[in-house]
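Undergrad: Requesting a structural model of the entry that follows:
(chains A and B)
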Amino acid sequence: MTHFKTFIATALATTAIGGTAVAEELRMSWWGGDSRHEATQAALQVCGEKYGHTISPEFTGWSGHFEKVATQLAGGTEADIMQINWPWLPIFSENGDGFADLNDFADIIDLEQWPAPLREASSRNGALNGLPASLSGRIFFFNKTTFDAAGIPVPTTMEELMAAGPVFRDTLGEDYYPLEGTGLDASLLIQMITTQRTGKSLINPETNEVQWTAADIQESLEYYQQMVDNHVLQAWRDKAAAGNVPLHENVNWTQGRIAGSYQWDTTYFKISDPLEEGQELVPSGLLRIEGAMNDGVYRKPSMVFSISANSEHPEAAAQILNCLTTEPEGIAAMASARGVPSAAVAAAQLLDTGAIEQIQVDAQNMVLAAEAPAISPFNEDPDVRAGIEDTLELFAYGELDSAEAAEELLMLVNEALEDK
Amino acid sequence: MGGDNRYLGLAYVAPYIIGLLVFTAFPFLASLYLSFTDYDLLSKPEWTGLDNYERLMTRDRTFNKSLRVTLLYVFMTVPLKLAFALLVAVVLNYRLKAIGFFRTAYYVPSILGGSIAIAVLWRYIFAEVGLVNMGLEAIGLEPVNWFGDPQNALFTLTLLRCWQFGSAMVIFLAALQSVDKSLYEASSIDGANKWHQFRFITVPLITPVIFFNLIMQTVQAFQEFNGPYIITDGGPLKSTYLLPLYIYDKAFKSFDMGYASAIAWILFVIIMVLTLIAFWSSKKWVYYAGDKRS
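TA: As a prediction, the model looks like this:
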């Protein structure tokens, strides 16, 4: 009998210990470049040790990550913690149940560190589906070294940028351009111009309806063509001659022949690091066209951290998420790998310790200070994007004139939004 | 054969049979079912009958464009690759010094050819400031916009495929070595030159292998993905947007898995029809050992 009591006591004690034991096996997935991969792995190590969890990292480059996450979610094999692009939220979580509701972990995650509008933007049907690592927006970056060589200052308005094209051609040569813009970059540049002119963003985030007319789009397409004709932008056909190469791997960019880009502010180091020695890349904010009603900034929560709705250990995942974003060890290790953090405590710590470079803060402030109406996450819906970019390419290659392209673009975007 | 041995045999083949059923037969049939549904990967498929096929045939301009590009790619690639592989095999069939080294060296592109790294390398070789244009400029010719011009982009990808001629070449080489040498000696005595020997002895005797390579290369060409995905991403103006890329985009970017399955089945039917035509025509031009035709 004594042995039996001992056995029961031991079993109960073991069960009790088991109940409070927190050592869980977790997975976290994200996309990024080498610096982000290194920082995130270091942070997972630190936070894992702090809470006794083991977190397996799963990281890739940007290309193909969307497809990978989609396949994992379809098969229920997604990581416990995921870095999700904000426009993917309505795709993966139409009703808000595609990811865990982080409000359920308010006792573990310090949600108050994120401004209410950011939490609202990352919620679906009242369920907080993720917490943004940072806020990012498109601004202009210019290679100051090349502009100095051309003998002109970095432009501050679209008019000055338009005037820089002929100067580049005459002083530096036919191969030199003050800006690049094809594919997504061209699409967002045209959206900036149209938003500035109309005061409205492409898709109304409340109603999911297109707010521009064909005439609005046609005018912006003609402005874009004027930029090509004025030697501001390399023609689409010439840019394609390099093949499917991202900007930071393009030799024309790294050697300073293409001297500007309309890019996410958070990608500063990604595009400045490959520049050849002695070249200086500076953020230049948003450039306005004449008569602009606003800055036309394309701004959105960036890199949202979500927890899988299928996670077997959501509390443990919440602990790690909180550590990565709001606890000193995690913040220090993550540093500025995802730009200036949205969590107030993280931004303050990194600024205090000098872990964020001033140029990142400057770029972020330009995004925050810019004025523009809110954008819809459906702007980056794959079918909407394909409709816009395919039509722009047809226009750029002269297969459609501006009026035809505007009608086609409008038709394709409306068609893509039909079932959303 | 005893009962135990019979089960032992089944046990030996079971891993293959299970693999075939789980990883080939089931996805194959599942995709057929899905092609009649509206399926977005994240929710349950909904039966829509022939809607996907009707949309494909009547309203999808991208499908029409992609199909044309794919057929053009196959009809350019397969004959070029087979001709080149046969030419190299004939050269390597001669008894030259260090022939073993050359045979290995010419096979290497086939081992490397399907990899992402080679596709990236190809992108650099044919870029505006790449090796090919540098060569053209060195001999006084104008550089060519290989990837930016819709007229050239598909041809550039065709060259990559042709460069991977090694496996077809090795099969041709084995066939050439199996041709009875006494036939060449006899024809020489009758006054046949090298071309006559190749035309009237070699080619007829290796037609089964030509036929085999034709089928294999056609099927592979229809399935090409890595080259256009990495090098041009289907552009410019969808001039390299082969059907496998369109299937991928529809399935994993637009989450239209039912529609993607329908495209995949159309592709399957096209490959099957072309293969059947090849088999039918083979009666007229493929000669097997013991064939009684004159």
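Undergrad: C-alpha only now, for contacts and for neighbours.
TA: OK.
Undergrad: how far away is A:Glu174 from A:Ser136?
TA: 33 Å (Cα to Cα, to the nearest Å).
Undergrad: and those two? which has more neighbours close in?
TA: Applying other Cα atoms under 10 Å in any protein chain shown to A:Glu174 and A:Ser136 shows that A:Ser136 carries more neighbours, namely 26 against 14.
Undergrad: give me the beta-bridge partners of that one?
TA: A:Ser136 has the following beta-bridge partners by DSSP bridges: A:Lys300.
Undergrad: these two touch, right, it and A:Asp265?
TA: Yes: between A:Ser136 and A:Asp265 there is a contact at 6.0 Å, judged by Cα atoms under 8 Å.
Undergrad: any shared contact partners between those two?
TA: Jointly contacting A:Ser136 and A:Asp265 under the rule Cα atoms under 8 Å, 6 or more residues apart in numbering or on different chains are A:Gln364, A:Val367.
Undergrad: tally of neighbours for the spatially closest residue to B:Val129 that is not a sequence neighbour?
TA: Among residues not flanking B:Val129 along the chain, A:Ala242 sits closest, at 7.9 Å (Cα to Cα, 6 or more residues apart in numbering or on different chains). Residues lying near A:Ala242 (other Cα under 10 Å) number 26.
Undergrad: got it, and A:Gly256?
TA: So A:Gly256, with other Cα under 10 Å, has 23 neighbours.
Undergrad: Does the closest residue to it other than its chain neighbours lie in a helix or a strand, and which?
TA: Excluding the flanking residues, the one nearest A:Gly256 by Cα to Cα, 6+ apart is A:Thr146, at 6.2 Å. Taking DSSP states H and E as the definition, A:Thr146 sits inside helix A:144-150.
Undergrad: what sits up against that helix?
TA: A:153-154, A:167-168, A:171-172, A:178, A:256-257, A:259, A:278-282.
Undergrad: Now, of those residues, which are buried?
TA: Neighbour counting by 16 or more other Cα atoms under 10 Å in any protein chain shown classes A:Val154, A:Val167, A:Phe168, A:Leu172, A:Pro178, A:Gly256, A:Arg257, A:Ala259, A:Gln279, A:Leu281, A:Val282 among these as buried.
Undergrad: mind checking how far the closest residue to the fifth one other than its chain neighbours is from A:Val167?
TA: The one in question is A:Pro178. Take A:Pro178 and drop its neighbours on the chain: the residue closest to it by Cα to Cα, 6+ apart is A:Ala259, 4.7 Å away. Per Cα to Cα, A:Ala259 is found 13 Å from A:Val167.
Undergrad: before we move on, what about B:Ile139?
TA: Taking Cα to Cα, one finds B:Ile139 at 33 Å from A:Val167.
Undergrad: Can you report how many residues lie near A:Cys47?
TA: Residues near A:Cys47, counting by other Cα under 10 Å: 25.
Undergrad: Tell me if I'm right that it and A:Asn322 touch.
TA: No: assessed by Cα under 8 Å, A:Cys47 is found out of contact with A:Asn322, at 9.2 Å.
Undergrad: give the contact list for A:Met303.
TA: Residues A:Gln83, A:Ile84, A:Asn85, A:Trp86, A:Pro132, A:Ala133, A:Ser134, A:Arg338 are the ones in contact with A:Met303 under the rule Cα under 8 Å, 6+ apart.
Undergrad: Of those residues - the most surrounded one?
TA: Neighbour-wise, the contacts of A:Met303 (other Cα under 10 Å) top out at A:Pro132, 28 neighbours.
Undergrad: Secondary structure element holding that one?
TA: Short version: A:Pro132 belongs to strand A:131-143, going by DSSP H and E.
Undergrad: got a list of what residue 47 touches?
TA: Picking chain A for this. By Cα under 8 Å, 6+ apart, the neighbours of A:Cys47 are A:His53, A:Ile320, A:Cys323, A:Leu324, A:Glu329, A:Gly330.
Undergrad: could you do chain B instead?
TA: Counting by Cα under 8 Å, 6+ apart, B:Trp47 has contacts B:Phe36, B:Thr37, B:Asp38.
Undergrad: between those residues, which is closest to B:Tyr107?
TA: B:Phe36 (42.9 Å; Cα to Cα).
Undergrad: From chain A, how far off is the residue lying closest to the closest one once chain neighbours are set aside?
TA: Nearest non-adjacent residue to B:Phe36, counting by Cα to Cα, 6+ apart: B:Gly49, 4.9 Å away. Per Cα to the nearest Cα, to the nearest Å, B:Gly49 is found 19 Å from chain A.
Undergrad: May I have the phi/psi pair for B:Gly49?
TA: Dihedral angles of B:Gly49 (phi, psi; degrees, to the nearest 10) stand at phi 60, psi -130.
Undergrad: Per-residue pLDDT of it, please?
TA: According to the prediction, B:Gly49 has pLDDT 95.
Undergrad: just checking, it touches B:Asp38?
TA: No: B:Gly49 is not in contact with B:Asp38 according to Cα under 8 Å; the separation is 9.3 Å.
Undergrad: Tell me the residues of the stretch 51-200 of chain A that contact chain B?
TA: A:Phe66, A:Glu67, A:Ala70, A:Thr71, A:Leu73, A:Ala74, A:Phe92 (Cα under 8 Å from any Cα of the partner chain).
Undergrad: how many neighbours does the fifth one have?
TA: Spelled out, it's A:Leu73. Neighbour tally, A:Leu73, other Cα under 10 Å: 20.
Undergrad: Please apply the same query to the second one.
TA: Residues lying near A:Glu67 (other Cα under 10 Å) number 17.
Undergrad: Skipping its backbone neighbours, what lies nearest it in space?
TA: B:Phe252 (5.2 Å).
Undergrad: Please report phi then psi for A:Phe59.
TA: According to degrees, to the nearest 10, A:Phe59 has phi -130, psi 150.
Undergrad: Can you tell me how far it is from A:Met82?
TA: 10 Å.
Undergrad: Mutual contacts of the two, please.
TA: With Cα under 8 Å, 6+ apart as the test, A:Phe59 and A:Met82 both reach A:Ser29, A:Trp30.
Undergrad: More neighbours: the two, which one.
TA: A direct count of neighbours by other Cα under 10 Å for A:Phe59 and A:Met82 places A:Met82 higher, at 23 against 19.
Undergrad: Was I right to think the more buried one contacts A:Ser311?
TA: No: using Cα under 8 Å, A:Met82 makes no contact with A:Ser311, being 11.0 Å away.
Undergrad: From start to finish, how long is stretch A:223-237 in a straight line?
TA: For stretch A:223-237, the end-to-end distance is 18 Å (Cα to Cα).
Undergrad: List the buried residues of the longest helix seen in chain B.
TA: The single longest helix within chain B, with elements called by DSSP state H, is helix B:61-92. Going by neighbour count (16+ other Cα under 10 Å), the buried part of helix B:61-92 is B:63, B:65-67, B:69-71, B:73-74, B:76-78, B:80-86, B:88-90, B:92.
Undergrad: Which one of the buried ones among the contacts of helix A:144-150 is nearest to chain B?
TA: Nearest to chain B out of those is A:Arg257 (Cα to the nearest Cα; 13.2 Å).
Undergrad: residues near the residue nearest to that closest one when sequence neighbours are not counted, how many?
TA: Spatial nearest neighbour of A:Arg257, excluding adjacent residues (Cα to Cα, 6+ apart): A:Tyr176 at 4.6 Å. A:Tyr176 has 26 neighbours, counted by other Cα under 10 Å.
Undergrad: who are the neighbours in contact with A:Tyr176?
TA: A:Phe168, A:Arg169, A:Arg257, A:Ile258, A:Ala259.
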